[in-house]
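Trainee: everything below, folded, please.
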Amino acid sequence: MTCRTATAVPAASSLPFGHWLVSRGQRTEQALERVLPPATAHPMQLHEAMRYAVLGGGKRVRPLLVHAAGEALGAPAGALDCAACAVELVHAYSLVHDDLPCMDDDVLRRGRPTVHVRYGEALAMLVGDALQALAFEVLAAAPGHGASAAASAAMVAELARAAGSAGMAGGQAIDLASVGAALGREALEDMHRRKTGALLRASVRLGALCAPHAAATTAEARAYRTQALDGYADAIGLAFQVVDDILDVEGDATTLGKTAGKDAQRSKPTYVSALGLEAARRLAGQLREQAHAAIAPLGEAARRLGDLADLIVLRKA
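Mentor: Numbering: from 1, shown residues only. You can find the predicted model right below:
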């Protein structure tokens, strides 16, 4: 298995942000094409459905965060490809399972029928299972692409924690148990720091783990760098969900690529229902400022992380 793409990576500082987005997005798409089993391989329908779930759609925010954090610290491109693929595969698996009738029961994702609508519920379950397993297989291959064996092991542990009961899966369990409930802001933040924030935080950390140990020459410098990146990741992880809640109220299915208004229909607690629309907008803006402040000590090297914070908060879909 190879995560590395054949495309050379222009230096982040040499590209306008829009060009950087396209470059890293295309690179991620090429890497995902390589690590996913071909649709012609047996069992063909499962592999076709896996590719349907992953390729040709999505904002690729998590892979972009991997690349932005890693490039800020001088990480090798091949290792970043592996980490970017792994986190996107876990994200895709979570969407396939979230859309199932037993969970959020949605029929539209990325502007087309959800996996269980297209292929049936049983195969959709298997697609999610297989994508999650593939993510860790990809991370295990990272030492062949510029990461150290120790970094690869640390990335496996990081992604597993983010996806498990203390992270994304736990947040989804809280979400399901909270339908119809009136959660306070503290409980709402706890749920979303797990459900959405944990994987976004892991994306930043995976990018940093790809960097050579010598990128920070002392333990003090490494701790300082970690604190800055974690502060940034915490802020944008929460901001992403706040903006999602706002868009669920203000957006439409054509723009969002998924069913709008589902949260209100299912009486799910959101930042809009808890705080009101204007207060939710203010919170998103405050979190954007916190993200920028967190990475300010990293200087120009973290410019792409700042750009992504703006993209996350100001997006319309």
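Trainee: burial count for the residue lying closest to Ser267 once chain neighbours are set aside?
Mentor: Across the structure, with Cβ to Cβ, 6 or more residues apart in numbering as the measure, the residue nearest Ser267 apart from its sequence neighbours is Gly180 (4.6 Å). Placement of C-beta: from N, CA and C, glycine included. Neighbouring residues of Gly180 were enumerated by other Cβ atoms under 10 Å; the total is 9.
Trainee: can you check Arg51 too?
Mentor: Taking other Cβ under 10 Å as the criterion, the count of residues near Arg51 is 17.
Trainee: list the contacts of it.
Mentor: 36-37, 39 (Cβ atoms under 8 Å, 6 or more residues apart in numbering).
Trainee: circling back to that earlier point, what helix or strand is the residue nearest to Ser267 on?
Mentor: Here Gly180, judged by DSSP states H and E, is contained in no helix and no strand.
Trainee: where's it relative to Arg51, distance?
Mentor: Taking Cβ to Cβ, to the nearest Å as the measure, Gly180 and Arg51 are separated by 37 Å.
Trainee: again with His145
Mentor: Here the distance between His145 and Arg51 works out to 22 Å (Cβ to Cβ).
Trainee: and if you look at His292?
Mentor: Taking Cβ to Cβ as the criterion, His292 is separated from Arg51 by 37 Å.
Trainee: quick one: residues in contact with the helix or strand harbouring Met125.
Mentor: Secondary-structure assignment from DSSP H and E places Met125 in helix 121-140. Counting contacts by Cβ under 8 Å, 6+ apart, the residues outside helix 121-140 that touch it are 1, 3, 35-36, 45-46, 49-50, 53-54, 82-83, 85-87, 89-90, 92-94, 96-97, 99-101, 114-116, 119, 152, 155-156, 159-160, 163.
Trainee: what of stretch 155-163?
Mentor: Counting by Cβ under 8 Å, 6+ apart, the neighbours of stretch 155-163 from elsewhere in the structure are 83, 86-87, 90, 94, 132, 135-136, 139-140, 142, 147, 167-169, 198-199, 201-202, 205-206, 209-210.
Trainee: please pick the buried ones from the residues you listed.
Mentor: 83, 86-87, 90, 94, 132, 135-136, 139-140, 142, 147, 167-169, 198-199, 201-202, 205-206, 209-210 (16 or more other Cβ atoms under 10 Å).
Trainee: which parts of the chain are strands?
Mentor: Using DSSP state E, the strands of the chain run over 108-109, 112-113.
Trainee: what would these look like in a markdown table with mean neighbour count?
Mentor: Listed next are these as a markdown table, based on neighbours: other Cβ atoms under 10 Å:
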| stretch | mean neighbour count |
| --- | --- |
| strand 108-109 | 20 |
| strand 112-113 | 14 |
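Trainee: any chance of those in CSV, with mean pLDDT too?
Mentor: As requested, the strands of the chain are arranged in CSV below (pLDDT from 0 to 100):
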stretch, mean pLDDT
strand 108-109, 92
strand 112-113, 94
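Trainee: my understanding was that Ala39 contacts His47; is that so?
Mentor: Yes: contact status for Ala39 versus His47: in contact at 5.2 Å, counting by Cβ atoms under 8 Å.
Trainee: report the buried residues of stretch 114-130.
Mentor: Neighbour-count burial for stretch 114-130 flags 114-119, 123-128, 130 (criterion: 16+ other Cβ under 10 Å).
Trainee: and what of stretch 304-311?
Mentor: For stretch 304-311, the buried set under the neighbour-count rule, 16+ other Cβ under 10 Å, comprises 304-309.
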